Each structure stands twice: as structure tokens, then as C-alpha cells.
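Undergrad: Fold the following for me, if possible:
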Amino acid sequence: MSQSSMQAAVWYAAKDLRVEQVPVPTISDPHEVKVKVATCGICGSDLHEYAAGPIFIPVGKPHPISGEQAPIIMGHEFAGEVVEVGEKVTRVKVGDRVAIEPILSPNKDGAYQMERYNLTPLLGFHGLSGGGGGFSEFTVMGEHMVHKLPDDLSFEQGALVEPAAVALHAVRQSCLKAGDSAAVFGAGPIGLMTIEALKAAGAAQIYAVEVAPSRKAKAEALGATVVDPQQEDVVAKLQALSGGGVDVAFEVTGIPAVLNQALHSTHEGGEVVVVSIWEGEASFQPNDLVIKERTMKGIIAYRHVYPAVMALMQRGYFRAEDMVTQRIPLADIVEEGFEALLNDKAQVKIIVTPNH
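TA: Numbers count the residues shown, from 1 in each chain. Sure thing, here's the model as predicted:
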């Protein structure tokens, strides 16, 4: 007999995340898949929602794709085992291990409808915008959102595919070529993943700008040259180290002053890729783009990149042992997870195990 209720972490409001019993979701569409969650990472955007939300969480009216609004189950960086499939599912079968691509975008018959499905005006995320989430024992989603995990990748690696996809998409959307130089501003989880993606893309020099000692150490261990803005003039240092500026700068902090540093760290004709989600406005002098013919572009999430991420993981990139600093049961998610990340910059990626 299958259980009817399960534990889940439910977002009610900023600073109000509750671990409680909720009904186990059921398959209601022939293209849906039910997954028993094995691992789920806590993401920077989860932290924003917890500390200062709602940002992506629908409040007041339901999300157009999930049909749900707060309170919603959180968690969108996850992997697990398929325990049930709708009658028309062809991509996976019961018993398959899967990584979840949590993008909510118009879909039909088990496939996204837009080629650039991450650019839909209706963009949402499973585990942020309703429809269930990874901080629960079971969750149901369309088969277009599941990717078979290769046998040689652990469930923990599976939970890292989502953040690694952000980083790989950012690097693939940039103008970076093999042999180029790059600077990554912010060495949190996405920043560290970006360093890995840059290595995979063949960047010859990689600089990381970070203040937290443990994150500086991690960036260094991954092969980046670290610059600490509290100890030196970042722009001058990067210009000197790179012989006149880097080819591409990646902004991964969401701090207005840092956007300017990223801009000025590139050479004439260089590029800035903005990866952060912002809580407010940032200003820069347009002449710093114009007179030096620089480019600034934004990226949101990822598309068509999960298979590439997993293939790189099989080659040793984006390793869990480089990223995961803590593993906790779902019951401890508020204190040991969210509060720990807010108060302890030594934490990088915390993995939650709902079926502990």
C-alpha cells in the first residue's frame, strides 16, 4: 500500500518555511512522472525567497502553468528515482534514476513548445512556482522535465546538474573561445560551477573575485587565481594580471558596485555576462560600454544543456566533493540549511535528503 502523506518544506512567507505533512501527489496527466526524491540542493534563489521573498513564488494569484500559489513546496535542484509513470511516457520507466530540469514553460505531449523555452514570459520553476518541489519525499512533473542520470553519476551529482546547467549555459552563451581569459565575480555555488564550465570550455586564465575565505579556497582549489576586493583594487589587479583586461567577465553576485567592477575588468571589445537575479536596480556609465565597444548580456537559467552537463560530469567536472559542504535531513532544513547558509559563508552547497 502506498503512503498517502509525506514530509515537505512549505513556503508561506519570507522567514516562514515549515516542514509539515502534506498529501503525496498523484499523476493526473498521461505524460507525467512521479519521482521519489533522493537529493535536493538549496539554491541561492531559494535563499532569496526565504530571506526576502516572494520573487519567483506566486502570491495572490496562481502561476499560469502550475496553477498554484503560496503556500508552495520548495526545492528545484534535485534528483531521484522514478516510481510511477503516466501511460504515454516514453522518456523514462519505473526504476530509472533521473535529474530534474525544473523549468515551467508551455509544453504539450511531453515536450516544451518553445525552442528557447527558458525565455517564455510565463517562466516559472518546479519548487519555486508551485506544482510540487524537491524538498519533499515525492513529487510529480511532466516527462519533458526528467533526464536519465548515467549509472556512474551519484544522486548527489544529480542534484548538482541544475546549478551546473546555469553555469554551463552562461559560458556557452558568452563569446569565450578556448585560450581566452575570464573573471568570475562571486565564488558561491554558481560562481564555482562557472569556473568549472570555463575550464571545460578551455579558458586559459580564470580569475575569481571573492571575499569569503572558504570560498576563496574553493575557487583556488578549482584552479582560479583569486582576487580579494577587500585587499586590493580589483579592476587594477585584473587589468594587470590579464595584460589589459579579460575577454569575458561573469557577474554572479547581484551587487551593483560589482557590476561596474566586472565591466571595467574587461578589455576593449570585451564582454560582461550577468548571471545574477537582482533585487534592485544597478547603474553604470553607458560610455564605458560605448567607447570601448564592450558587450553586456544577461542569461536566465538554461535550455538544452542537461545532457552536456551530465557528459561533463562523467569526465570529472562539477564534482560533488568540490561543491557539497553539508548533508542534512529534511526535518532540519530551516536551522541547518537556510539559516546556516545565511549566517555561515563557509557553506557552499547544502544537500537535503528528504527520504532520509
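Undergrad: could you measure the closest residue to residue 204 other than its chain neighbours against residue 347, distance?
TA: In space, and not counting its chain neighbours, residue 204 is closest to residue 179: 4.9 Å by Cβ to Cβ, 6 or more residues apart in numbering. Glycine gets a C-beta too; all of them are placed from N, C-alpha and C. In this view, residue 179 and residue 347 are 34 Å apart by Cβ to Cβ, to the nearest Å.
Undergrad: Name the residue in the two with the higher neighbour count.
TA: More neighbours surround residue 347 than the other of residue 179 and residue 347, with 21 against 10 (other Cβ atoms under 10 Å).
Undergrad: quick one: contacts for the more buried one?
TA: 325-326, 340-341 (Cβ atoms under 8 Å, 6 or more residues apart in numbering).
Undergrad: and if you look at residue 160?
TA: So residue 160 contacts 41, 77, 193, 313, 318, 320, 323-324, 349 (Cβ under 8 Å, 6+ apart).
Undergrad: Rebuild the contacts of residue 347 as JSON lines, extending it with neighbour count and distance to residue 46.
TA: Listed next are those as JSON lines, based on neighbours: other Cβ atoms under 10 Å; distance: Cβ to Cβ, whole Å:
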{"residue": "325", "neighbour count": "17", "distance to residue 46": "16"}
{"residue": "326", "neighbour count": "18", "distance to residue 46": "14"}
{"residue": "340", "neighbour count": "19", "distance to residue 46": "13"}
{"residue": "341", "neighbour count": "24", "distance to residue 46": "9"}
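Undergrad: from the residues you listed, which ones fall inside strands?
TA: Among the contacts of residue 347, the members found in strands (DSSP state E) are 325-326.
Undergrad: Out of the contacts of residue 347, the closest to residue 271 would be?
TA: Of all those, residue 271 sits closest to residue 341, with 30.3 Å by Cβ to Cβ.
Undergrad: Which residue is the nearest non-sequential neighbour of residue 260?
TA: For residue 260, the spatially nearest residue (Cβ to Cβ, 6+ apart) is residue 284, at 5.4 Å.
Undergrad: Quick check: that neighbour vs residue 53, distance?
TA: With Cβ to Cβ as the criterion, residue 284 and residue 53 are 27 Å apart.
Undergrad: who's more crowded, those two?
TA: The neighbour comparison of residue 284 against residue 53 (other Cβ under 10 Å) goes to residue 53, with 22 against 15.
Undergrad: can you pull the contacts of the residue lying closest to that one once chain neighbours are set aside?
TA: Excluding the flanking residues, the one nearest residue 53 by Cβ to Cβ, 6+ apart is residue 14, at 4.9 Å. By Cβ under 8 Å, 6+ apart, residue 14 lies in contact with 49-54.
Undergrad: now residue 47
TA: 338, 341-342.
Undergrad: 10 Å instead, please
TA: Counting by Cβ atoms under 10 Å, 6 or more residues apart in numbering, residue 47 makes contact with 53, 188, 337-338, 341-342.
Undergrad: Residue 81 too?
TA: By Cβ under 10 Å, 6+ apart, the neighbours of residue 81 are 34-38, 94-98, 149, 155, 355.
Undergrad: again, 7 Å this time
TA: With contact set as Cβ atoms under 7 Å, 6 or more residues apart in numbering, residue 81 has these partners: 35-36, 38, 95, 97.
Undergrad: quick check: mean pLDDT across the strand or helix carrying it?
TA: Assessed by DSSP states H and E, residue 81 sits inside strand 77-85. Computed over strand 77-85, the mean pLDDT rounds to 98.
Undergrad: Confidence-wise, which of the contacts of residue 14 comes last?
TA: residue 53 (87).
Undergrad: and the longest helix anywhere in the chain, how far out from the chain's middle?
TA: Counting by DSSP state H, the longest helix found in the chain is helix 155-173. Taking Cα atoms, centre = their mean, to the nearest Å, one finds the center of helix 155-173 at 7 Å from the center of the full chain.
Undergrad: What strands line up against the next helix or strand along the chain from it, and which way round?
TA: Where DSSP H and E defines the elements, the next helix or strand beyond helix 155-173 is strand 181-185. Its sheet considered, strand 181-185 pairs with strand 205-209 (parallel), strand 246-251 (parallel) by DSSP bridges.
Undergrad: List of residues touching the longest one?
TA: The reference is to strand 246-251. Outside strand 246-251, the residues that touch it by Cβ under 7 Å, 6+ apart are 170, 174-176, 180-185, 194, 207, 238, 258-259, 262, 265-267, 270-276.
Undergrad: same deal with the first one?
TA: Residues from elsewhere that reach strand 205-209, judged by Cβ under 7 Å, 6+ apart: 181-185, 187, 191, 195, 198-199, 219, 223-227, 229, 234, 238, 241-242, 246.
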